[in-house]
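Trainee: Predicted structure and sequence below. I'll ask about it afterward.
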Protein chains: 2
Amino acid sequence: MDLYRNLLLAIDFASDANMLCQRAAKMAEIHGASLSLVHVVEPIVTDSAFDTLPPIPVDFEDVHIQQARNQLDQLRQSYDIPEENTFLEIGVTKHEILRVAQEQSIDLLLLGSHGRHGIELLLGSTANAVLHHATCDVLAIHLKKQ
Amino acid sequence: MDLYRNLLLAIDFASDANMLCQRAAKMAEIHGASLSLVHVVEPIVTDSAFDTLPPIPVDFEDVHIQQARNQLDQLRQSYDIPEENTFLEIGVTKHEILRVAQEQSIDLLLLGSHGRHGIELLLGSTANAVLHHATCDVLAIHLKKQ
């Protein structure tokens, strides 16, 4: 009986993505499973009702996406993750993670958790939704407080 | 690098304890880790303000505890779990699970999750608290709806 064949690590570069990736890679190795990475960039919502806010530079989102792509590429190369197993998505974090998990037949979804002070998962408030709606196992990896 | 050495599976006999135990045992085997079991019996709170409720037979709690002990023993024997790794606790479920996890230096806590309809973990409403306060990794094992 194989427990897990397809692991997906959801990362947010705000936290210790490197440590998470290291643990996820080890987990994949132990289980003889493949490892995929997903990072979601949430689009910036602008609303003319708030036009007193300072304007966001038009290329802000492109810059943000490019930065995320670079960080994801770095991780991917460090942990020998094939390019086709790396997903940079734009949208609502919880929906995108669940969609990728489903499309890639993921059987274990890995997330970072800060513990103690609530389930402050890397993914912020979306983490609960992921836990609620995942149809596969979910591993919350405990991050030491920094 | 060992990922996990000490696994603790929290079970509630309301759900598929056998399937959970099988997966947890496999996980322990793959990781070369030990597996412990914990089940918590919540004490029945009686309050004279509610004395219009039908009285609970005085030995109800003893019967409940004995039944839980028998079920836990059966599981323990089926999966070759040493008696000293089996914990039947009486108290508030979330506190007891976290206490046992801490006392036994658990590095991976396993719980059952029903997914889809919210994190209806085996442990009911206490599951979130366990996830919130655990200082180790937590694996939510997805249970198919029955």
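Mentor: It's in.
Trainee: Please enumerate the helices of chain A.
Mentor: A:17-31, A:60-78, A:93-103, A:126-133 (DSSP state H).
Trainee: low-scoring stretches of chain A, by residue?
Mentor: A:1, A:15, A:45-58, A:114-128, A:145-146 (pLDDT under 70).
Trainee: Please work out how many residues are found near the spatially closest residue to residue A:8 that is not a sequence neighbour.
Mentor: Distance criterion C-beta to C-beta, 6 or more residues apart in numbering or on different chains; nearest residue to residue A:8, sequence neighbours excluded, is residue A:106 at 4.2 Å. For the C-beta atoms, the positions are set from N, CA and C on the backbone; glycine is no exception. Look at residue A:106: counted by other C-beta atoms under 10 Å in any protein chain shown, it has 26 neighbours.
Trainee: circling back: can you lay out the helices of chain A as JSON lines showing mean neighbour count and distance to residue B:143?
Mentor: Below are the helices of chain A laid out as JSON lines (neighbours: other C-beta atoms under 10 Å in any protein chain shown; distance: least, C-beta to C-beta, whole Å):
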{"stretch": "helix A:17-31", "mean neighbour count": "19", "distance to residue B:143": "20"}
{"stretch": "helix A:60-78", "mean neighbour count": "14", "distance to residue B:143": "32"}
{"stretch": "helix A:93-103", "mean neighbour count": "19", "distance to residue B:143": "17"}
{"stretch": "helix A:126-133", "mean neighbour count": "21", "distance to residue B:143": "14"}
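Trainee: In TSV, list those helices along with distance to residue B:142.
Mentor: Formatted as TSV, the helices of chain A follow (distance: least, C-beta to C-beta, whole Å):
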stretch	distance to residue B:142
helix A:17-31	16
helix A:60-78	26
helix A:93-103	11
helix A:126-133	10
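Trainee: Just send those helices back as CSV, with distance to chain B too.
Mentor: Listed next are the helices of chain A as CSV, based on distance: least, C-beta to the nearest C-beta, whole Å:
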stretch, distance to chain B
helix A:17-31, 5
helix A:60-78, 15
helix A:93-103, 10
helix A:126-133, 5
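Trainee: Which one of the ones you listed lies nearest to residue A:43?
Mentor: helix A:60-78 (6.7 Å; C-beta to C-beta).
Trainee: For that closest one, give me every contacting residue.
Mentor: A:11, A:13, A:17-18, A:21, A:37, A:39, A:41, A:43-44, A:57, A:81-83, A:85-86, A:88, A:90 (C-beta atoms under 8 Å, 6 or more residues apart in numbering or on different chains).
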